[in-house]
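Enquirer: Return a 3D structure for these sequence lines:
(one chain, ligands or ions: 2)
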Amino acid sequence: MNREESSLEELKSLAQTAGYIIVGTMEQTRRPDARYQIGAGKVEELVKLVEETGAQKVIFDNQLRTLQNYNLAKATRVEVIDRFQLILELFRRRATTTEAQLQIQLATLQNELKHAREKVRLSKGSEQPGFMGLGVYEADIYRDAIKLQVQTIRKKLSRIREKRVLQRVRRTELGFLTISLAGYTSAGKSTLFNALTDETALVDKSLFTTLSTQTRMIDFSGRRFLLTDTVGFIDRLPISLIEAFHSTLEETIFADLIVLVVDLNEPLNVIEKKNNVCLETIEHLGASGIPTVTVLNKIDRLKPPEQAEKLDALKDKVKNPLLLSAKCQTNLDELKKHILRVLETYVSAEFSVPLSGNVMPFISWVHQKADIHKEEFTNDSVHITLEAEPSVMEQIKRKVQDLNGKFQLTQQ
Ligand SMILES: Nc1nc2c(ncn2[C@@H]2O[C@H](COP(=O)(O)OP(=O)(O)O)[C@@H](O)[C@H]2O)c(=O)[nH]1
Ligand SMILES: [Mg+2]
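Expert: Residues are numbered from 1 along each chain as shown. Ligands and ions are numbered 1, 2, ... in the order given. The predicted structure is shown next:
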């Protein structure tokens, strides 16, 4: 329920990513009503829609105040959540590492703290979905309990420094290369994921009991890959969810290759802005050295001259672009070839450097520019196994020699 169509589309995509089946939608353009967010007449319509469709939940695009949330749940007799809560749920479903789970708990509790007073007041003697069981609390006691939990989680988080390399090493030992699908909500990641995994025969289940449903095996050119559909980037991500988003994304994006999916049907300035946010975030996570191809998706919506025009405008700003339509399954074979080409131009190497004052800035630079496979610190040196573009590798080699280290190219 919101003003712009694109926003509702995005909400639908988010809900689907979180595992919901959408049975109906409704929109209203007006000034928000204090009691219900939507107008009284619209509430009646909503109640009817819920009854007719048998919906088990109502999701609002606009942020709901506690009172509105309460009144809507009372009227519809189902749980009502807003976009913020939906995003939290989505992260919760995807988080498998302890760090990600803690970040999400933290965001949930902080949100709860904001609404605690009002919620306790409303829940006295009520049995609304989402408000149950709070009636026994006094507001201050409830708030104190939350604050205590927040502190405990903060402490735990500061103790956790997970070795993200480990997960990858394990997969590499299994003999698969991994590919992650990244990109904004609605760009077409899941559609591409399904298109690429369509013809794939079922493989030995026991191997995959540890994998989530967002990861499947694909096979091409005699090689096997694990393809992961990530949570993706979200427009207007609430600031309080950024840490939770980073840790959820981080565990899925560390792959041998990233396929960044872009909706080419959007205006050029929007595409560029989103692409920059993606690249900056990937860099922030320390994953910018990972080989990346950019899928310019939804070309079925554009005429060929327009496709060419946009490709030309973007080609220096995005990494290894390729025109494609996930929905119509055009250029899927080109994508596979493109992936192999990009992977093959990367060279592998290993090096050791003695630890000295200026080694750490160099190592963090390497983390940004190259794809690190293994990193071992001893008392007096660091040993790194990595892949990078040939020009980057050349720079690394020179710097290693400057630092009196040993450098060696290896076979892939
Ligand atoms: N026209 C067109 N629509 C597409 C294409 N790929 C995805 N879509 C549509 O875009 C919407 C979002 O797709 P989805 O795969 O859920 O995006 P995700 O949020 O990135 O996973 C859906 O309605 C898809 O049907 C495409 O190549 N062409
Ligand atoms: Mg999706």
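Enquirer: Flag every residue of the protein that's near ligand 1.
Expert: By the rule CB under 6 Å from any ligand atom, the part of the chain lying against ligand 1 is 13, 16-17, 183, 185-191, 232, 297-298, 300-301, 325-327. C-betas here are computed from N, CA, C, even on glycine.
Enquirer: of those, list those near ligand 2.
Expert: Filtering those for neighbours of ligand 2 using CB under 5 Å from the ion leaves 17, 189-190.
Enquirer: closest to ligand 2 among those residues?
Expert: Distance to ligand 2 across these (CB to the ion) is lowest for residue 190, with 3.3 Å.
Enquirer: tell me the secondary structure for the closest one?
Expert: Here residue 190 is helix, with the state taken from DSSP: H, G, I helix; E, B strand; the rest coil.
Enquirer: Please tell me how far it sits from residue 19.
Expert: Distance of residue 190 to residue 19, given as CB to CB, to the nearest Å: 11 Å.
Enquirer: what does residue 8 give?
Expert: The gap separating residue 8 from residue 19 is 19 Å, by CB to CB.
Enquirer: Of these two, which one has the most company?
Expert: Higher neighbour count among residue 8 and residue 19: residue 8, with 16 against 10, using other CB atoms under 10 Å.
Enquirer: just checking, that one touches residue 28?
Expert: No. With contacts counted by CB atoms under 8 Å, residue 8 stays clear of residue 28, the gap being 11.1 Å.
Enquirer: and the closest residue to ligand 2 within the stretch 251-400 of the chain, bridged to which residues?
Expert: The stretch 251-400 of the chain approaches ligand 2 most closely through residue 261 (9.5 Å), counting by CB to the ion. Residues in a beta bridge with residue 261, per DSSP bridges, are residue 183, residue 295.
Enquirer: give me the number of residues near it?
Expert: By other CB under 10 Å, 30 other residues sit near residue 261.
Enquirer: Residue 24 too?
Expert: For residue 24, using other CB under 10 Å, the count is 12.
Enquirer: Residue 231 too?
Expert: Per other CB under 10 Å, the neighbour tally for residue 231 reads 24.
Enquirer: That one contacts residue 88, doesn't it?
Expert: No. Taking CB under 8 Å as the definition, residue 231 is not a contact partner of residue 88, at 11.8 Å.
Enquirer: so what's in contact with the two at the same time?
Expert: The overlap between the contact sets of residue 231 and residue 88 (CB atoms under 8 Å, 6 or more residues apart in numbering) is empty.
Enquirer: Can you name the residues of the stretch 101-250 of the chain that neighbour ligand 2?
Expert: Residues of the stretch 101-250 of the chain found near ligand 2 (CB under 5 Å from the ion) are 189-190.
Enquirer: so where do the strands sit in the stretch 101-250 of the chain?
Expert: In the stretch 101-250 of the chain, the segments counted as strands under DSSP state E, counting those that start in this stretch are 177-183, 215-220, 223-229.
Enquirer: Please apply the same query to the stretch 301-412 of the chain.
Expert: For the stretch 301-412 of the chain, strands defined by DSSP E, counting those that start in this stretch occupy the ranges 321-323, 347-354, 371-377, 381-388, 406-410.
Enquirer: Show the model's pLDDT score for residue 128.
Expert: Per-residue pLDDT puts residue 128 at 62.
Enquirer: tally of neighbours for the residue of the stretch 1-150 of the chain found nearest ligand 1?
Expert: Residue of the stretch 1-150 of the chain nearest ligand 1, by CB to the nearest ligand atom: residue 13 (3.9 Å). Close neighbours of residue 13, defined as other CB under 10 Å, add up to 20.
Enquirer: Hmm, it is touching residue 184, no?
Expert: No. Checked against CB under 8 Å, the pair residue 13 and residue 184 is beyond contact range at 9.2 Å.
Enquirer: Distance check, residue 312 against residue 271.
Expert: From residue 312 to residue 271 the distance is 13 Å (CB to CB).
Enquirer: More neighbours: which of those two?
Expert: Shown here are residue 312 and residue 271; by other CB under 10 Å, residue 271 has more neighbours (22 against 9).
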